[in-house]
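# structural data only, the sequence is not supplied:
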């Protein structure tokens, strides 16, 4: 008997123009990949006994994963709102902003507030729905934000820069 699991809360429907283009190109690539996997699946099925055919089982699993992602993207893309405009007040933190924060120990960190479909820790992209991004929204220069993450002690951040230009990716 399966346990009931509550559904995940819906994520914000906002995305940057670059993120939307990336998702569209991913969908197109998946359709192309699906054609190749379907051809390989047909070839594996023609080999005979499917119950012990590792190639057939692998291709079915791969096709299922591709179909699941295509279905998700086809549902998600129409529901997204592409944010192209820079806010009038660029002294406050809003969606799409690059924010430079300084921790209590003097370490600087850079984050860009993006939609849930664009999260990338290595690039410094954090979701609009994350606790840090929610705390940063509508804050200005020199404002302080205290974030408690899990079992760790609260971390105090000070906003030292807000930038909305597309070329503001940190050099470090």
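Looks like it arrived, so ask away. None of the values given here were measured: they were computed from a predicted structure. Numbers count the residues shown, from 1 in each chain.

# average pLDDT across the lengthiest strand in the chain?
If you go by DSSP state E, the chain has its longest strand at strand 155-163. Averaging pLDDT along strand 155-163 gives 92.

# pull out the buried positions in it.
By 16 or more other Cβ atoms under 10 Å, the buried positions in strand 155-163 come out as 155, 157, 159, 162, 163. Backbone N, C-alpha and C define where each C-beta goes, glycine included.

# do stretch 65-73 as well
So for stretch 65-73, counting by 16+ other Cβ under 10 Å, buried means 66, 70, 73.

# okay, those in JSON lines with distance to residue 127 and pLDDT next?
Output for the buried residues of stretch 65-73, formatted as JSON lines (distance: Cβ to Cβ, whole Å; pLDDT from 0 to 100):
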{"residue": "66", "distance to residue 127": "25", "pLDDT": "97"}
{"residue": "70", "distance to residue 127": "23", "pLDDT": "97"}
{"residue": "73", "distance to residue 127": "18", "pLDDT": "96"}
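
# so which of these is the closest to residue 9?
Nearest to residue 9 among the buried residues of stretch 65-73, counting by Cβ to Cβ, is residue 73 at 20.0 Å.

# what helix or strand does that closest one sit in?
helix 54-79 (DSSP states H and E).

# mind checking the SS state of the residue sitting furthest away from the middle of the chain?
In the chain, counting by Cα atoms, centre = their mean, residue 48 sits farthest out from the average C-alpha position, at 41.7 Å. At residue 48 the chain is in coil, as set by DSSP: H, G, I helix; E, B strand; the rest coil.

# now it. Its backbone dihedrals?
Backbone torsions for residue 48, taken as degrees, to the nearest 10, come to phi 120, psi -130.

# residues making contact with stretch 32-50?
The contact list for stretch 32-50 (Cβ atoms under 8 Å, 6 or more residues apart in numbering) reads 53, 55, 56, 57, 59, 60, 62, 63, 66, 67, 70.

# check contacts around the fifth one.
Read it as residue 59. Going by Cβ under 8 Å, 6+ apart, residue 59 touches 37, 40, 41, 44.

# of all these, the one with the weakest confidence?
pLDDT across these is lowest for residue 44, at 88.
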